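Student: Next one to model:
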Amino acid sequence: MTLAYIALGSNLESPAVQVRRALEGIAALPSTRLMSASSLYRTAPVGYADQPDFVNAVACVDTTLTPQALLAALLALEAEFGRVRSFRNAPRVLDLDLLLYEGAECTDEALTLPHPRMHERAFVMVPLSEIAPDCVIPGHGRVADLAPALDKDGIERLSALS
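Tutor: Okay, the predicted model is just below:
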């Protein structure tokens, strides 16, 4: 089994509900066990600003799937939720990104590990630091050291009932 970290986000159709449902979907993936999940966070959109705020979280899974097979399963889950890729940074019902896969570094057409720019994005690093502060992002350092340096304006931890 190998630990992997997945970022979840949604800003359409009851985003908090979508993220919670996606966590259930991740937990049901074959050869994969959901180990932990962060709180949900309301975050301002990045890139294309004329859209609703997002709800983001990060999950840790233990899996025997290869990184490519895990990514394929995540993309299939996005499709089940009705994800439409209309343009870069567009509003979306569900976005799942494979952030890290223990011991793997990869750069190909379909997958880059660690996920590029994750270390620059508070909407990823804040929830990741909640569940894995000692996790190391290859080439960048420990999550606990990187997260505090990021601008956290526009990030709000949601209550359990949000």
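
Student: For stretch 91-100, give me every contacting residue.
Tutor: With C-beta atoms under 8 Å, 6 or more residues apart in numbering as the test, stretch 91-100 has contacts from 4-13, 18-19, 22, 26, 51-52, 58, 67, 70-71, 74-75, 77-78, 81-85, 111, 113-115, 118, 124, 128, 135, 137. Just so you know, the C-beta spots here come from the backbone N, C-alpha and C atoms, and that holds for glycine as well.

Student: so where's the chain shaky on pLDDT?
Tutor: For the chain, the stretches with pLDDT under 70 are 160-162.

Student: Now do the helices in it.
Tutor: Taking DSSP state H as the test, the helices found in the chain are 15-27, 67-80, 122-131, 143-146.

Student: and the first one, what does it pack onto?
Tutor: Which is helix 15-27. Packing partners of helix 15-27 (3 or more C-beta pairs under 8 Å, 6 or more residues apart in numbering; DSSP states H and E): strand 2-10, strand 32-37, strand 54-63, helix 67-80.

Student: Please report how far Gln68 lies from Leu94.
Tutor: Gln68 sits 20 Å away from Leu94, going by C-beta to C-beta, to the nearest Å.

Student: So which of these two has more stuff around it?
Tutor: Leu94 (24 against 15; other C-beta atoms under 10 Å).

Student: quick one: Val58 and Leu29, what's the gap?
Tutor: Val58 is 16 Å from Leu29, where distance means C-beta to C-beta.

Student: These two - which one has more neighbours?
Tutor: Taking neighbours as other C-beta under 10 Å, Val58 and Leu29 compare with Val58 leading, 30 against 19.

Student: List the contacts of the more buried one.
Tutor: For Val58, the contact set (C-beta under 8 Å, 6+ apart) comprises 5-8, 37-38, 99, 124, 127-128, 130-132.

Student: got these as JSON lines, with neighbour count and distance to Asp145 columns?
Tutor: Below are those laid out as JSON lines (neighbours: other C-beta atoms under 10 Å; distance: C-beta to C-beta, whole Å):
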{"residue": "Tyr5", "neighbour count": "28", "distance to Asp145": "17"}
{"residue": "Ile6", "neighbour count": "27", "distance to Asp145": "22"}
{"residue": "Ala7", "neighbour count": "24", "distance to Asp145": "19"}
{"residue": "Leu8", "neighbour count": "28", "distance to Asp145": "24"}
{"residue": "Ala37", "neighbour count": "22", "distance to Asp145": "22"}
{"residue": "Ser38", "neighbour count": "21", "distance to Asp145": "18"}
{"residue": "Leu99", "neighbour count": "23", "distance to Asp145": "17"}
{"residue": "Val124", "neighbour count": "26", "distance to Asp145": "15"}
{"residue": "Pro127", "neighbour count": "26", "distance to Asp145": "16"}
{"residue": "Leu128", "neighbour count": "28", "distance to Asp145": "12"}
{"residue": "Glu130", "neighbour count": "18", "distance to Asp145": "15"}
{"residue": "Ile131", "neighbour count": "18", "distance to Asp145": "16"}
{"residue": "Ala132", "neighbour count": "21", "distance to Asp145": "13"}
